[in-house]
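K.L.:
Have a look at this prediction, sequence included:
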Amino acid sequence: MRRALALLVAATTSLVLVAFLVPLALLIRSTTADQAVSGAAGRASALTPVVATSGGETVELALAAAQADTDQPFTVFYPDGSSVGAPAERSDAVDLAATRGESLVAEADGGRVVLVAVGLPEGTAVIQTFVAATDLADGVVRTWLVLAALGAGLVALGVLVADRLARNLVRPVVEASQVSHRLAAGDLDARVVPGGPDEIREVAAGLNHLADRIGGMLREEREAVADLSHRLRTPLTVLRLEAEALPEGDRSGRIVESVDALERAVTQVINDARSRSDQAAGGGASCDAAEVMADRVAFWAVLAEDTDRRVDAAVAPGPLPVRVAAADLAAAVDALLGNVFAHTPDGTAFQVRLERREDGGARVVVADAGRGFTGADVDRGASRAASTGLGLDIARRVAQSSGGAFATGGSAMGGAEVILDLGGLRRPLGPR
C-alpha cells in the first residue's frame, strides 16, 4: 500500500510538473531568442545616426567598433548597390526592407538576420546584422537542466512526504493484521492499539470487540463442556458400583475396565475444556503412535471376538513419534473403530494398519468389509444411525492438527476406508 501511494503521488506530481515545466521551457527558449534579436536590433539602430550623417571611413570605423563589442557582423547596404562593413550578399530581405523603408527580422541559415532601414536623401540604406543560433539559445539548456533538477527534487520530496503519510496510515493496518493472525493462532489476549485515521480506529475497535466476544464464547463453551462432563461423574460412579457388584469373571472385569476408560475420557474432557492449550491445536503434544495403536487394537480386539468379527491388525514397531497427544490419537482411533462396530453388522471383518511414513510421522488406516461410505456419511454431524455423527470429524481434526491429512474412500475389502496421515516430530521422543 505504501508503494502504491508513493507511485500515485509520483505520477500525479510528474504530470503536474510536466504540464507546468514544458510550457515554461518553451517560453524561456522563445524569450531568450527574442532578447538576442532585440539586443542585435538595438545595436544596429545605434548605428543609424552615423550611417545617416556620415559616409566612407567613418561608417566603416563605427561598424568595426560595433562588431568588436558583440562579435556580430554588421553590413550597410546603400541604395546604389554598394556596401560597407562585413562582406555579405544583398538578399531579398535587404531589398524588401529598402523598398518598404521598415526594419524587419528574417530567418537565415544558422540564425536570424536583423535589418534596420535608414532613410537617406538618395534612398533607403539598410543596416544588417546576423544573430547566430547559438546566441539565440544562449543559456537555454542550462536553464532547462535547472528546471529538470527542480522538478526531480519536487517529485522526490512529494514521494517522501507521501511515504511518511502512507507509513502512518499503513502501520495501524499492519498491526491489526498481525493481531488477527495472533488471534487465529490461539493468542486470545492479543489486542490492537487504535491509531491512524478514524476509519482504521473503528476497524481496530471492532477487531478488539470481536476478540473479546470470541474469548467470552470460548470460556462459556469450555465451562459448559466441563459442567456437562462433570454431571456424568454421578452415573459413572453408579455404573462402577454396579459393575463391581457383579460376580467376578472375565465379563465383569472387562466392564470395570470399560468404566475406568470412560471415566478417564470424561476426566480428560474436563481438563481439556478448562485448559486453553486446546486452542493451540495440539502444537506441542506428542506421543508414540505404535504404543497407542497397540493398546487400542488390543482393546477393540476383545469386542471383535464377542461379535464374531475377524480383525487384521498390522502395527509398525515403535517408537513412532507423531505430533498428537496420546489421548487425542486414542480418541480418533476409538471413533473410527466405534464407527465400524456401530455401522456394520456383526461378523463384518475389519482391518487396522499403522505404517511409518517416509517423510516422517505415521499413517493410520482403518478399513472394513461393510457397505462403504455415502456422500452424507463424511459430513460433520451427519449420521445414519443413533450417533452424533462427529466421529469422522474428530479423526479429521486430529490429523490436521498434527500437520497431516485426512481421507476417506473405498477399501480393498469392499467397504469403507479411512486414512489418517499424522505429522512427525523433528526429533525423536525422549525416554519415558
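P.N.:
Yes, it's here.

K.L.:
my read is Asp95 is in a helix, agree?
P.N.:
Yes. Checked against DSSP: H, G, I helix; E, B strand; the rest coil, Asp95 lies within a helix.

K.L.:
what pLDDT does it get?
P.N.:
On the pLDDT scale, Asp95 is placed at 88.

K.L.:
separation between it and Val126?
P.N.:
9 Å (C-beta to C-beta, to the nearest Å). Placement of C-beta: from N, CA and C, glycine included.

K.L.:
who's more crowded, the two?
P.N.:
Ranked by neighbour count (other C-beta atoms under 10 Å), Asp95 and Val126 place Val126 first, with 28 against 12.

K.L.:
For that one, list the residues it contacts.
P.N.:
76-77, 94, 97-98, 115-118 (C-beta atoms under 8 Å, 6 or more residues apart in numbering).

K.L.:
can you map out the strands along the chain?
P.N.:
For the chain, the strands defined by DSSP state E cover 74-77, 83-85, 104-108, 111-120, 123-132, 287-288, 311-315, 321-322, 350-356, 362-368, 405-410, 416-422.

K.L.:
Starting from the second one, tell me which strands it pairs with and how they run.
P.N.:
Same thing as strand 83-85. Sheet pairing of strand 83-85 (DSSP bridges) gives strand 74-77 (antiparallel).

K.L.:
So what touches the partner strand?
P.N.:
For strand 74-77, contacts defined as C-beta under 8 Å, 6+ apart pick out 43-44, 47, 51, 59, 63, 66-67, 83-88, 90, 94, 98, 118, 125-129.

K.L.:
Separate out the buried members of those.
P.N.:
Buried members of the contacts of strand 74-77, scored by 16 or more other C-beta atoms under 10 Å, are 43-44, 47, 51, 59, 63, 66-67, 83-86, 88, 94, 98, 118, 125-129.

K.L.:
Which residue, neighbours along the chain excluded, lies closest to Ala10?
P.N.:
Val159 (5.0 Å; C-beta to C-beta, 6 or more residues apart in numbering).

K.L.:
Please verify my assumption that the one you found contacts Leu8.
P.N.:
No. With contact defined as C-beta atoms under 8 Å, Val159 and Leu8 do not form a contacting pair (9.8 Å).

K.L.:
More neighbours: which of these two?
P.N.:
Neighbour count, other C-beta under 10 Å: between Val159 and Leu8, Val159 has more, with 18 against 13.

K.L.:
so what's that one up against?
P.N.:
Taking C-beta under 8 Å, 6+ apart, we find Val159 in contact with 6, 9-10, 13.

K.L.:
any idea how far Thr99 is from it?
P.N.:
Plainly put, Val159 is 61 Å away from Thr99 if you go by C-beta to C-beta.

K.L.:
what's the answer for Leu232, then?
P.N.:
124 Å.

K.L.:
Which one of those two is surrounded by more residues?
P.N.:
Shown here are Leu232 and Thr99; by other C-beta under 10 Å, Leu232 has more neighbours (16 against 12).

K.L.:
And the closest residue to that one other than its chain neighbours, how far from Ala316?
P.N.:
Excluding its sequence neighbours, the residue lying closest to Leu232 (C-beta to C-beta, 6+ apart) is Val266, at 5.2 Å. Relative to Ala316, Val266 is positioned 31 Å away (C-beta to C-beta).

K.L.:
One more: Gly206?
P.N.:
50 Å.

K.L.:
What about Ala395, how many residues nearby?
P.N.:
Using other C-beta under 10 Å, the number of residues around Ala395 comes to 26.

K.L.:
thought it was touching Leu337?
P.N.:
No. Using C-beta under 8 Å, Ala395 is not in contact with Leu337; the gap is 10.4 Å.

K.L.:
got the contact list for Arg363?
P.N.:
Contacts of Arg363 (C-beta under 8 Å, 6+ apart): 353-357, 419-422.

K.L.:
Excluding residues flanking it in the chain, which one is nearest it?
P.N.:
Nearest residue to Arg363 in three dimensions, chain neighbours excluded: Glu355, at 4.5 Å (C-beta to C-beta, 6+ apart).

K.L.:
For the stretch 1-150 of the chain, give me the ranges with low pLDDT.
P.N.:
Scanning the stretch 1-150 of the chain for pLDDT under 70 picks out the ranges 1.

K.L.:
At which residues are the helices of it located?
P.N.:
Counting by DSSP state H, counting those that start in this stretch, one finds helices in the stretch 1-150 of the chain at the ranges 2-46, 48-53, 57-70, 92-100, 133-136, 140-184.

K.L.:
buried sites along stretch 150-157?
P.N.:
Within stretch 150-157, the residues that count as buried by 16+ other C-beta under 10 Å are 151, 154-155.

K.L.:
ok, and for stretch 246-259, which residues are buried?
P.N.:
So for stretch 246-259, counting by 16+ other C-beta under 10 Å, buried means 255, 259.

K.L.:
related to what we said a few turns ago, between Gly206 and Ala316, point out the one with more neighbours.
P.N.:
Using other C-beta under 10 Å, the more surrounded residue of Gly206 and Ala316 is Ala316, with 15 against 12.

K.L.:
so who does that one touch?
P.N.:
The contact partners of Ala316, taken as C-beta under 8 Å, 6+ apart, are 290, 354-356, 362.
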